[in-house]
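In: Quick one, structure for this:
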Amino acid sequence: MAQPITIPRVDSRPRLLDLFSCAGGAAMGYALAGFAVDGCDIAHRPNYPFPWHQGDALAYLAALIESGEIKRYAFVHASPPCQHGCALTVGTNASQGWGRAHVDLVASTRELLDRTGLPYVIEQPNGRAKIRKDLTLCGEMFGLGVIRHRNFELGGWIAERPAHVPTGAGCAGGGTVSTSTALTSPPTATAAASRASPNFSKPWASRGPTSARN
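Out: Residues are numbered from 1 along each chain as shown. The predicted model follows:
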């Protein structure tokens, strides 16, 4: 059952923390959905379009939790480095002897996110990343000519799962095609974003305990 909560806001916008932000692609999507976004990344990101902190994302999150400043936020998005488990790294690159060993930060990211008490998302591409695939989005669902999947583990909330039947017009890029659900035509970008948006006023949104992961 949905529970009323107090949502920290900037002006009228809920405030979101974007960890492992990179250049701000996800951040821009959240901003267009109505969030005020703050980012954090260990690398220098001069083109990040919103307020931003350079530093280790997990150390920064731990400091926010310890100081209580995490309460400034209503939601946290985290995209820990995917090279350890993504399909390209463990498939093509490994078979060719390319690349190097990569650190898996998913578990340590989840542990800290659970400590925040906030709803959150962990995003990873297809591959061996150990996340629960509560939501999967593909470029074709947004009218793009590319088959490229991103999986999202939702912590402390739930969302409808937009259905996806590949049209076959896109180019494969780091993911396999799933045909487990049916849809007459792909949803528009606006519709797909709306269904995936963490809107706690909707009856299907919840901040109950996160269910067991698989």
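In: now the strands: where do they sit in the chain?
Out: Ranges of strands in the chain, per DSSP state E, are 9-10, 13-19, 36-41, 52-54, 75-78, 120-125, 135-138, 146-147, 149-155, 171-172.
In: Give the partner strands of the first one in its sheet and their orientations.
Out: Sheet pairing of strand 9-10 (DSSP bridges) gives strand 13-19 (antiparallel).
In: Quick one: mean pLDDT over the strand it pairs with.
Out: On average, the pLDDT along strand 13-19 is 98.
In: now swap in stretch 164-179 and tell me
Out: For stretch 164-179, the per-residue pLDDT averages 53.
In: mind showing which ranges of the protein have poor pLDDT?
Out: Applying pLDDT under 70 to the chain flags residues 1-5, 83-102, 168-214.
In: mind listing the helices for it?
Out: Using DSSP state H, the helices of the chain run over residues 25-32, 57-67, 87-88, 94-96, 106-116, 189-196.
In: Run through the residues that contact residue 50.
Out: With contacts defined as CB atoms under 8 Å, 6 or more residues apart in numbering, the neighbours of residue 50 are 18, 24, 27, 31, 36, 37, 38, 39. Where C-beta positions appear, they are placed from N, C-alpha and C, glycine not excepted.
In: if I look at it, how far off is residue 133?
Out: 28 Å (CB to CB, to the nearest Å).
In: ok, residue 10 touching residue 38?
Out: No: if you go by CB atoms under 8 Å, residue 10 and residue 38 don't touch, sitting 9.1 Å apart.
In: which of those two has more neighbours?
Out: Between residue 10 and residue 38, residue 38 has the larger neighbour count (other CB atoms under 10 Å), namely 20 against 15.
In: List the residues that contact residue 45.
Out: Applying CB under 8 Å, 6+ apart, one finds that residue 45 lies in contact with 21, 22, 23, 24, 39, 52, 54.
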